[in-house]
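[1] Provided below are the primary sequence and the corresponding predicted coordinates.
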Amino acid sequence: PAAPQPVAAAAIPPSPPARRRSERSLASLSRTSLAPPDRASVEEAAARMAGTAERRAVSFPMPKPRDFASDDERQRAMAERAAAYLEPLLPRMALERLVGGERSFAQLTPPDRARLVRRALLVNPGSNGSTLLEAARVLLYVRGYARARGWSEDDTWPLSRAVAASMIEGEHDRATANARGTQGGATVGHRLRGTLKALRDHFGCPIDLDGPLVEGAAPTCGALPPSPAASLPVHVYCQLEIVAGRDPAPALPGGADAARFYARSILLVALTSIRLKDAVRVRFSPDADRPGTRIYGLVATRDGRKGTKDGAPMELFAPAEGLLGRISWLPQHLTDISAAGGNAFPDFCGPHGCRTHVARAEAIIPNTCLAPTDVRRIFESIMALPPLKLSKEQITKSGLRGHSFHG
């Protein structure tokens with residue numbers, strides 16, 4: 001007889017109770033194993049807190065911004081101080097990459113190596129060394145994080161993509177939980193990601209920041225909405241001209257009138273249409289062809305590398321005429337600027353409160369240079385003088401931000 005053929009077993013559908021048990025098991029699995037946790041582990045959270053504590057425990061004292069004869073000198077001194085803070089925090093791998101590799105690192109003596117590394121750091125210092133300082137703070141965070149995890153320097157560097165993403169996520173979560181600042185902390189993680197990129201691209205730190213893991217750790221902040229720009233209101237121009245043309249305040253020593261001096265300098269800046277950052281660097285002098293009827297100024301290159309916004313020197317020309325008539329005080333003000341050391345905005349001294357009420361200032365300090373933030377305060381103080389008498393609230397509401405006095 002023929003051999004029996006195998007018969008395929010028919011699929012037996014599960015009973016309704018068995019099907020329900022299977023569905024419940026899948027639902028439970030999706031809630032536990034498949035879904036990622038909504039917060040970091042205890043170990044990771046502790047490492048993040050240790051990084052934050054390490055960063056906050058160290059301060060970086062900087063020179064006072066008014067203790068310099070020029071803006072160039074101020075920028076240079078602050079950048080050098082910030083580089084001195086950053087250099088000892090850099091890992092050995094970063095130092096080797098800055099000098100060209102392990103062989104180059106070994107060929108130089110420590111003093112020569114330190115000198116060249118310091119110069120390399122000063123290539124990208126940021127305004128007043130801000131980029132260097134932020135990089136130093138992030139390295140402190142990395143150091144505290146690594147210590148909490150029990151890592152040596154060799155365990156920490158190169159910094160992996162996963163660790164970098166975790167740090168960015170942690171800073172974003174911490175800042176948004178505190179919800180401080182105008183953006184509620186939403187930009188902190190994005191800023192940390194930018195600083196890590198600066199450490200990698202400019203300061204030699206081996207950090208893996210490629211791929212969506214790092215980009216997804218915190219939202220990318222887009223460009224801020226554009227600020228409106230416009231000419232100064234007519235009444236502001238008139239206020240500057242009235243204060244600039246008044247007689248010296250007799251109550252001050254030697255007839256000095258700081259409010260009048262700064263109103264004249266601000267008016268020259270406004271008529272020549274330059275940015276506030278260039279205003280503290282411009283050198284006004286008599287025009288060679290029309291010394292009494294034309295304003296002339298020069299914004300030179302900074303340390304032979306960079307001058308104005310596009311990096312080139314800029315000559316300024318404008319008629320010596322305002323809305324209320326000819327600027328007859330121009331020759332005298334140029335003489336006063338020269339006597340103060342050549343800066344249009346030198347520092348001043350006076351009793352308590354003179355920083356926000358420049359009319360209380362008693363004297364101009366020669367061979368000094370104010371920071372742009374000080375010039376903004378002086379401008380607001382001049383707007384509060386008669387006849388305009390603008391309040392702080394009115395100035396804020398008007399939108400006069402002081403990026404440049406022509407708009």
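    Structure received.
[2] could you use CA atoms for every contact and neighbour count after this?
    OK.
[3] flag every buried residue along stretch 161-181.
    By 16 or more other Cα atoms under 10 Å, the buried positions in stretch 161-181 come out as 161, 163-176.
[4] residues in contact with that stretch?
    Residues from elsewhere that reach stretch 161-181 (Cα atoms under 8 Å, 6 or more residues apart in numbering): 45, 48, 184-190, 192-193, 207-210, 213-215, 217-218.
[5] buried ones from the residues you listed, can you make that a ChimeraX selection?
    Buried residues within the contacts of stretch 161-181, by 16+ other Cα under 10 Å, are selected in ChimeraX with:
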select :45,48,185,186,187,188,189,190,192,193,207,208,209,214,215,217,218
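[6] which residue sits closest to Ala45, ignoring its sequence neighbours?
    Gly170 (7.8 Å; Cα to Cα, 6 or more residues apart in numbering).
[7] for Leu132, see how far away that neighbour is.
    Taking Cα to Cα, to the nearest Å as the measure, Gly170 falls 22 Å from Leu132.
[8] do the same with Gly292
    If you measure Gly292 against Leu132 using Cα to Cα, the figure is 45 Å.
[9] ok, those two, which is more surrounded?
    Leu132 (29 against 18; other Cα atoms under 10 Å).
[10] which helix or which strand is home to that one?
    Assigned by DSSP states H and E, Leu132 belongs to helix 130-149.
[11] with just CA atoms, put that helix into CSV.
    Provided in CSV are the C-alpha atoms of helix 130-149 (Å, rounded to 0.1, in the frame of the first residue of the first chain):
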residue,chain,number,x,y,z
SER,A,130,33.4,86.0,25.9
THR,A,131,34.0,82.9,23.6
LEU,A,132,37.0,81.9,25.6
LEU,A,133,35.2,82.3,29.0
GLU,A,134,32.2,80.3,27.8
ALA,A,135,34.5,77.5,26.6
ALA,A,136,36.2,77.4,30.0
ARG,A,137,32.9,77.1,31.8
VAL,A,138,31.9,74.2,29.6
LEU,A,139,35.2,72.4,30.3
LEU,A,140,34.5,72.9,34.0
TYR,A,141,31.1,71.2,33.5
VAL,A,142,32.7,68.3,31.6
ARG,A,143,35.3,67.9,34.4
GLY,A,144,32.6,67.8,37.1
TYR,A,145,30.5,65.4,35.0
ALA,A,146,33.5,63.1,34.5
ARG,A,147,34.5,63.0,38.1
ALA,A,148,31.0,62.0,39.1
ARG,A,149,31.1,59.1,36.7
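[12] average pLDDT for it?
    Helix 130-149 carries an average pLDDT of 97.
[13] for that helix, buried residues please.
    131-149.
[14] past it, which element shows up next along the chain?
    helix 153-156.
[15] chain center to that next one: distance?
    With Cα atoms, centre = their mean, to the nearest Å as the basis, helix 153-156 stands 30 Å off its chain's centre.
[16] pretty sure Arg200 contacts Pro206?
    Yes: contact status for Arg200 versus Pro206: in contact at 5.8 Å, counting by Cα atoms under 8 Å.
[17] who's more crowded, these two?
    Shown here are Arg200 and Pro206; by other Cα under 10 Å, Pro206 has more neighbours (19 against 16).
[18] quick check: pLDDT value at the more buried one.
    So Pro206 comes in at 97 (pLDDT).
[19] in terms of contact, does it touch Thr156 like I think?
    No: with contact defined as Cα under 8 Å, Pro206 does not reach Thr156; the gap is 10.1 Å.
[20] and for Pro61, the neighbour number?
    So Pro61, with other Cα under 10 Å, has 9 neighbours.
[21] repeat for Cys221
    Cys221, neighbours per other Cα under 10 Å, totals 12.
[22] that one belongs to a helix?
    No: secondary structure assignment (DSSP: H, G, I helix; E, B strand; the rest coil) places Cys221 in coil, not in a helix.
[23] that one contacts Thr187, doesn't it?
    Yes: Cys221 is within contact range of Thr187, at 6.3 Å (criterion: Cα under 8 Å).
[24] ranking helices and strands of this structure by mean pLDDT, which lands last?
    The helix or strand of the chain with the poorest confidence is helix 16-29; it has a mean of 51 (mean pLDDT, DSSP states H and E).
[25] for the residue nearest the centre of the chain, give me its contacts.
    Central residue of the chain (Cα atoms, centre = their mean): Ser130, 5.8 Å from the mean position. By Cα under 8 Å, 6+ apart, the contact list for Ser130 reads Ala79, Ala82.
[26] now do it against Arg281, distance only.
    Distance from Ser130 to Arg281, by Cα to Cα: 19 Å.
[27] can you check Ser70 too?
    Distance of Ser70 to Arg281, given as Cα to Cα: 7 Å.
[28] mind checking which of those two has more residues around it?
    More crowded of Ser70 and Arg281, by other Cα under 10 Å: Arg281, with 25 against 21.
[29] any idea how far Asp374 is from that one?
    Going from Arg281 to Asp374 by Cα to Cα gives 14 Å.
[30] grab the nearest non-local neighbour of Arg48.
    Nearest residue to Arg48 in three dimensions, chain neighbours excluded: Tyr145, at 5.8 Å (Cα to Cα, 6+ apart).
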